[in-house]
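can't give you the sequence, but here's the structure:
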């Protein structure tokens, strides 16, 4: 008969009784343990304290937030006590009855569950010196017994059980109830049912056991819980659950904590740049409820566009007064092939969304008013690389239109003509002052800058539009209280005058001004005051809708991460519906009012000659007021003849495969009336070419001078062209991207 195990057991008990008083001071308090707990993730919360994202920061173990016992499933609490310590609520740290049973079983070489209580196991979790390796030494067993008795004196039973569940390893790198529950079962601990609880508790005794072993032990626990029917199909269920440890990225997989992963990465990067230790919790400016609205709207409308080759999108909402980013959806999530890409920060061609800034500058410089007539007819602009030939989105032209109609209906040719007046250099300076990340000079972009050839991000573009709402004042946006995005110090700058910002807002809020292109009833029209602009980049790669109300500025982008073109998706069908829904949600209870007219702006009655546009109330900067617009001979001839086509510097290439008669070049004159059309003549290299407003010419290689001569024999306009011989097919002209 073996007596040694009994004596050893008695020695442990005796030593524990002698050492309790001396070891009590080494046991931490429950509050200290709870307060010192650190999740492996950094939690980013919204302005109301709700978690919107979790980002893994500690890769030594996978730990979630501390879980209170009251937030733990009753089934799990029952399972852990039945499995690990049936007399937990009866003993004082050491289960002497269990010690005796274990000693007796060891005497007869009988396997037993052992005598280690939950309190003793907790003692081992709190003190590495008491933690078992391949087996506990006599000293570790004595130490655990001593610490367990001290814990029972200073802690309540609920505190002991709560700490144990938060500190115990479950499987692999999973430590604690929160990480285990969210990773293996995809739910918070309060939602675990009996079967899930049994599988979880089975892992405590053998974290690295096979699925079959875990299932067998879990079935035994379910029988102890008097729920044997839950054993049916348990093997397959356990296999699926344990497979998730290798495929799910931990606590951050919880749906409720994955609302804003892209913003979370930004604010954590900002926190690292400060040089201070990263806090376990970062407060952001987001509003979780609004974030859900934006995500849901984007997801729904992208699904409606299925079949049109569009899978990505982004949404940004900014508070006008503070610059707080209230919503930041960087991706369409499961719909995207590149869900981790932050499309709200990615650089994309701006399209027509830059036009409001251009017209604001022209109005400020008093070059134009909202009633100024602009020529919406084809124009050829010589550039260093050939000709720049802007075209409207629908390939149609309106002739003479006011600035209000040109901007509201997003006509391209008038915008390019306006940039010729403002110059690309000065317009580039304006855009940079508004925080847009233009990396090249104005001359690099040239006249195409009017149509948004520059790359911008949705966040920077939305914040630039916020300047219109703030009477032309630019200020950085921010994602955490007091921390502006991309700037170490908050600052504001008056970029546009309040008067010009007001005029642009008045134009972009006018649904009649955009009726030519978008109609009177479109997603751009809201029940309350808003001003909005759409944009589409070259080949329909990017689609934008950005606008503001009295309190908020909302920006939406849709497209493809790959840069692939969408199929027949314009601003009004792509991004605009999402913009409309988000705006409606923002103003569900508080409608937006029109801004007050600032000093230096006048609203007067305006009429037009020949019913060019309907009479209306128009806004002007003081000193530029017009009450009647006279079209005169515009569109019928200005009285000053000029060569309209081809443009100066045009290069033609002859094709030997095309009959010469089919390669004739047509010269057209502009500024002619019915009486003067037959009085002008054409000369080619000083020799007569033809007479009238239009003549044809059979080209031959070389450089040529073309002159238009009036009735008095005076040369009123002259251009130079070049014809290259057969075999040369390159024509030096550029066509603008179609943008709306």
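Looks like it came in fine. The model shown is predicted, which means the values in this text are computed figures rather than measured ones.

can you list the domains in the chain?
Domain segmentation of the chain under automatic domain parsing yields 4-39+59-255, 325-605, 642-735.

For the second one, give the mean pLDDT please.
Right, the one you point to is domain 325-605. Regarding domain 325-605, the rounded mean pLDDT is 90.

again with the first one
The predicted model gives domain 4-39+59-255 an average pLDDT of 80.

ok so, going back, okay, the domains of the chain in a markdown table with distance to residue 271 next?
Using the backbone N, CA and C atoms, a C-beta is placed for each residue, glycine as well. As requested, these are arranged in a markdown table below (distance: least, C-beta to C-beta, whole Å):
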| stretch | distance to residue 271 |
| --- | --- |
| domain 4-39+59-255 | 15 |
| domain 325-605 | 8 |
| domain 642-735 | 46 |
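
Rebuild those as JSON lines, extending it with mean neighbour count and distance to residue 294.
Putting the domains of the chain into JSON lines (neighbours: other C-beta atoms under 10 Å; distance: least, C-beta to C-beta, whole Å) gives the following:
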{"stretch": "domain 4-39+59-255", "mean neighbour count": "18", "distance to residue 294": "16"}
{"stretch": "domain 325-605", "mean neighbour count": "21", "distance to residue 294": "4"}
{"stretch": "domain 642-735", "mean neighbour count": "15", "distance to residue 294": "36"}
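
Of those, which is nearest residue 303?
domain 325-605 (7.2 Å; C-beta to C-beta).

Endpoints of that closest one, how far apart?
40 Å (C-alpha to C-alpha, to the nearest Å).

Identify the residues contacting the residue nearest to residue 84 when sequence neighbours are not counted.
Counting by C-beta to C-beta, 6 or more residues apart in numbering, residue 118 is the residue found nearest to residue 84 once chain neighbours are left out, at 5.5 Å. Contact partners of residue 118, counting by C-beta atoms under 8 Å, 6 or more residues apart in numbering, are 80, 81, 84, 85, 88, 160, 161, 164.

ranges for the helices of the stretch 101-250 of the chain?
Here the stretch 101-250 of the chain has its helices, by DSSP state H, counting those that start in this stretch, at 118-126, 138-154, 157-167, 177-180, 194-205, 211-224, 234-243.

Could you dump these into TSV and include distance to residue 494?
What follows is the helices of the stretch 101-250 of the chain, written out as TSV (distance: least, C-beta to C-beta, whole Å):
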stretch	distance to residue 494
helix 118-126	60
helix 138-154	63
helix 157-167	54
helix 177-180	50
helix 194-205	60
helix 211-224	67
helix 234-243	60
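
Which one of those lies nearest to residue 554?
helix 177-180 (35.2 Å).

closest to residue 497 out of the helices of the stretch 101-250 of the chain?
Comparing the helices of the stretch 101-250 of the chain under C-beta to C-beta, the one sitting nearest is helix 177-180, at 54.6 Å.

same for the closest one, what does it pack against?
When contacts are defined as 3 or more C-beta pairs under 8 Å, 6 or more residues apart in numbering; DSSP states H and E, helix 177-180 packs onto strand 62-63, helix 157-167, strand 169-171.

Among the helices of the stretch 101-250 of the chain, which comes closest to residue 706?
Relative to residue 706, the nearest member of those by C-beta to C-beta is helix 234-243, separated by 77.6 Å.

what's the helix or strand harbouring residue 290 packed up against?
Under the criterion of DSSP states H and E, residue 290 resides in helix 288-304. Packing partners of helix 288-304 (3+ C-beta pairs under 8 Å, 6+ apart): strand 312-319, strand 325-329, strand 552-559, helix 576-586.

what angle do it and helix 576-586 make?
Counting by axes from the mean of the first three to the mean of the last three C-alpha atoms, to 10 degrees, helix 288-304 points 160 degrees away from the direction of helix 576-586.

OK, contacts around residue 611?
Shown in contact with residue 611 (C-beta under 8 Å, 6+ apart): no residues.

Phi and psi next, for it.
Main-chain dihedrals, residue 611, degrees, to the nearest 10: phi 50, psi 40.

returning to that earlier point: using TSV, lay out the helices and strands packed on helix 177-180 together with distance to residue 686.
Output for these, formatted as TSV (distance: least, C-beta to C-beta, whole Å):
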stretch	distance to residue 686
strand 62-63	86
helix 157-167	96
strand 169-171	93
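
what secondary structure does residue 67 sit in?
coil (DSSP: H, G, I helix; E, B strand; the rest coil).

So it sits against residue 179, correct?
No: using C-beta atoms under 8 Å, residue 67 is not in contact with residue 179, being 9.9 Å away.

quick one, strands of the stretch 551-700 of the chain?
In the stretch 551-700 of the chain, the strands defined using DSSP state E, counting those that start in this stretch lie at 552-559, 601-608, 616-621, 628-629, 642-645, 651-653, 665-670, 681-684, 687-691, 694-697.

can you list the residues that contact the fifth one?
Outside of strand 642-645, the residues that reach it under the criterion C-beta under 8 Å, 6+ apart are 378, 380, 666-671, 706, 708, 716-719.

Likewise for the third one?
Applying C-beta under 8 Å, 6+ apart, the external contacts of strand 616-621 come out as 363, 366, 369-371, 404, 499-500, 502-503, 506, 512, 597, 600-606, 626.

Now residue 598. Nearest residue, chain neighbours left out?
In space, residue 598 is closest to residue 498, 4.0 Å off (C-beta to C-beta, 6+ apart).

what's that neighbour in contact with, if anything?
471, 472, 598, 599, 600.

what would these look like in a markdown table with distance to residue 149?
As requested, these are exported to a markdown table (distance: C-beta to C-beta, whole Å):
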| residue | distance to residue 149 |
| --- | --- |
| 471 | 71 |
| 472 | 73 |
| 598 | 77 |
| 599 | 80 |
| 600 | 82 |
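
What is the nearest of those to residue 581?
Nearest to residue 581 among the contacts of residue 498, with distances taken as C-beta to C-beta, is residue 471, at 27.5 Å.

Stretch 509-522: end-to-end distance?
For stretch 509-522, the first-to-last residue distance is 13 Å (C-alpha to C-alpha).

what's that stretch in contact with?
Residues contacting stretch 509-522 (C-beta under 8 Å, 6+ apart): 393-394, 398, 404-405, 407-411, 507, 524-525, 529-532, 534, 572, 576, 594, 614, 616, 740.

can you tell me which of these are in strands?
531, 532, 534, 616 (DSSP state E).

is residue 532 in a bridge, and if so with what?
residue 547 (DSSP bridges).

so it sits right up against residue 546, yeah?
Yes: using C-beta under 8 Å, residue 532 is in contact with residue 546, at 7.1 Å.

so who does the nearest residue to residue 449 once chain neighbours are set aside touch?
Of all residues not flanking residue 449 in the chain, residue 424 sits nearest, at 5.2 Å (C-beta to C-beta, 6+ apart). Shown in contact with residue 424 (C-beta under 8 Å, 6+ apart): 442, 443, 445, 446, 447, 449.
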